[in-house]
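Enquirer: Below: sequence and its predicted model.
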Amino acid sequence: MIFAIASGKGGTGKTTVSASLAALWDNAVAVDLDVEEPNLHLFLNPEITDTEKAYITVPELVEERCIKCGACRDICQFKAITLMADTLITFPEMCHGCGGCMLICPEKALVPGQRELGEILRGKAGDTEFLMGRSRIGEAMSPPLMRQVKERMGFIASGDVIIDAPPGVSCPAVSAVKDANAIVLVTEPTPFGFHDFKLAYEAFSPMNIPMGAVINRAGLGDTSVQDFCAEKDIPIWAEIPYDRAIAEAYSHGKVIVEAVPGLKEVFLSLKEKMIEAANNTGEPDELDELEALAGLAGAGRMGGGVF
Amino acid sequence: MSDVKKVAVSSEGPTLDSRVDARFGRCGGFAIVELETMNIEYVSNGSSQTMSQGAGIQAAENVANAGAQVLLSGYVGPKAFTALQAAGIGIGQDVDGMTVGEAVEKFKQGQVPMADSPNGQMGGK
């Protein structure tokens, strides 16, 4: 199963939570999909065994074949090709790699070229498989690299996947969580945390993936996050206390679940709730129907593990 | 530049008294001014304004389609610059802070040098 650790606001504790989950999960694959600023490795300290460059296919012009028909310009949704006074210009840095221009060109004047997206690193931290993407400096798009990291994820046959997602609610964040079986929304109980928590909830809820909240630095700020969760029926899967010992462990790059006594129970319970939620991924209508059927059959309430 | 008949000015409005829009790619529109008559035709640039990327390239296409030989604007980014140059369109930068009419006058008097490199950054930043 795939679990995405996400948040609207940056700096709420996604990586802290991801690292702790990866550390206590058996045979987990820890994946850093925050490719613009990956940092999960700073906590897990994996031994990197493989580094490969990742590329996206972009069009390259074979000048002498081009008949200046403009078909490639017209199909490009991203203005990566223009035709100005009989000069065809490509802007490879703007290409999203759909390949449409190369397919539509009647003269095969556009051939596959490459733009480097960044690199993909693979390694191991204890019995945890580790995978991360790192964008090339100057690369403007992260989802293409994220997709390639996710492909590698599928090749690693071991256990559950824990994704450390990028912050925010735009394409990179959505790309990171959309294939997850459950999303953990990490937030903090401050007006800033609350504001972005609401954004994340709004952005992710249309995907109908089970979501739960982890309130980091609980005890700080106010109860607006808790109130909102109660109103929207978002389960609070864990609260990590606002505690000096945790901040100290974090500041030394330690995995807090290992460094601070008492947190193991918090994270084990979080893990259980994540798995339970992920097992309950049937469509709500379908579930209701099945539950109704089960009720008719006298079976009572259905357990989560049935699906 | 003696063969210049039409000049495009990135503009906040459709008259000679409108302010020059300092932005090229995401300007409101282009005042296409016929130098001989000072007649104005206004071309909306709305199609570029709503784009998530490539606004400058789209705007360059709009200017070329309007038949202008010279563009006057505030800041032109590198991709738009490349596209305009390919179309053989002269580029006059830094004419913001004045009206369209003033910019065209300044050009007519030879006081707007044609640029050989962009003065704006990618993405209009």
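Expert: Cool, got the structure. Source: prediction; values computed, not measured.

Enquirer: Closest residue of chain B to chain A?
Expert: With CB to the nearest CB, the shortest gap between chain B and chain A falls at B:Gly54, namely 2.3 Å. (Each C-beta comes from the backbone N, C-alpha and C, glycine too.)

Enquirer: my guess is that residue contacts A:Lys79, does it?
Expert: Yes - using CB atoms under 8 Å, B:Gly54 makes contact with A:Lys79 at a distance of 2.3 Å.

Enquirer: Can you check which residues contact both of those two?
Expert: A:91, A:94 (CB atoms under 8 Å, 6 or more residues apart in numbering or on different chains).

Enquirer: Not counting sequence-adjacent ones, nearest residue to residue 43?
Expert: If you meant another chain, say so; for now it's chain A. Distances taken as CB to CB, 6 or more residues apart in numbering or on different chains place A:Ala19 nearest to A:Phe43, at 3.8 Å, with adjacent residues excluded.

Enquirer: The intended chain is chain B.
Expert: Nearest to B:Val43 is B:Phe30, by CB to CB, 6+ apart, at 4.6 Å.

Enquirer: repeat for A:Gly159
Expert: Per CB to CB, 6+ apart, closest to A:Gly159 is A:Asn27, 3.7 Å.

Enquirer: Next up, the contacts around that neighbour.
Expert: Contacts here follow CB under 8 Å, 6+ apart; on that basis A:Asn27 touches A:127-129, A:158-160.

Enquirer: ok, now A:Leu268?
Expert: A:Leu24.

Enquirer: Equivalent analysis for the one 10 residues further on, please.
Expert: Contacts were defined as CB under 8 Å, 6+ apart; by that measure A:Ala278 touches A:1, A:3, A:181-182, A:210.

Enquirer: Mind checking what secondary structure the residue in the stretch 101-250 of chain A positioned nearest to chain B has?
Expert: At 8.3 Å from chain B, A:Ala140 is the closest residue in the stretch 101-250 of chain A, using CB to the nearest CB. Each residue gets one of three states, and A:Ala140 gets coil by DSSP: H, G, I helix; E, B strand; the rest coil.

Enquirer: before we move on, the earlier item: can you count the residues close to the residue of chain B closest to chain A?
Expert: B:Gly54 has 24 neighbours, counted by other CB atoms under 10 Å in any protein chain shown.

Enquirer: Ramachandran angles for it?
Expert: Here is the backbone geometry of B:Gly54 (degrees, to the nearest 10): phi 80, psi 20.

Enquirer: Next one: the spatially most central residue of chain A relative to B:Val76, how far apart?
Expert: Chain A has A:Ala176 as the residue nearest its centroid, 2.4 Å off, counting by CA atoms, centre = their mean. From A:Ala176 across to B:Val76, the span is 36 Å (CB to CB, to the nearest Å).

Enquirer: Just the CA trace of the lowest-mean-pLDDT helix or strand in chain B, in CSV.
Expert: Here the helix or strand of chain B ranked lowest by mean pLDDT, DSSP states H and E is helix B:46-49, holding a mean of 87. Extracted C-alpha coordinates of helix B:46-49, given in CSV (Å, rounded to 0.1, in the frame of the first residue of the first chain):
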residue,chain,number,x,y,z
GLY,B,46,-5.9,38.6,-23.4
SER,B,47,-4.9,35.3,-24.9
SER,B,48,-1.5,35.6,-23.4
GLN,B,49,-2.5,37.0,-20.1
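
Enquirer: I'd like the distance from that helix to the chain centre, please.
Expert: The chain centroid and the centroid of helix B:46-49 are separated by 14 Å under CA atoms, centre = their mean, to the nearest Å.
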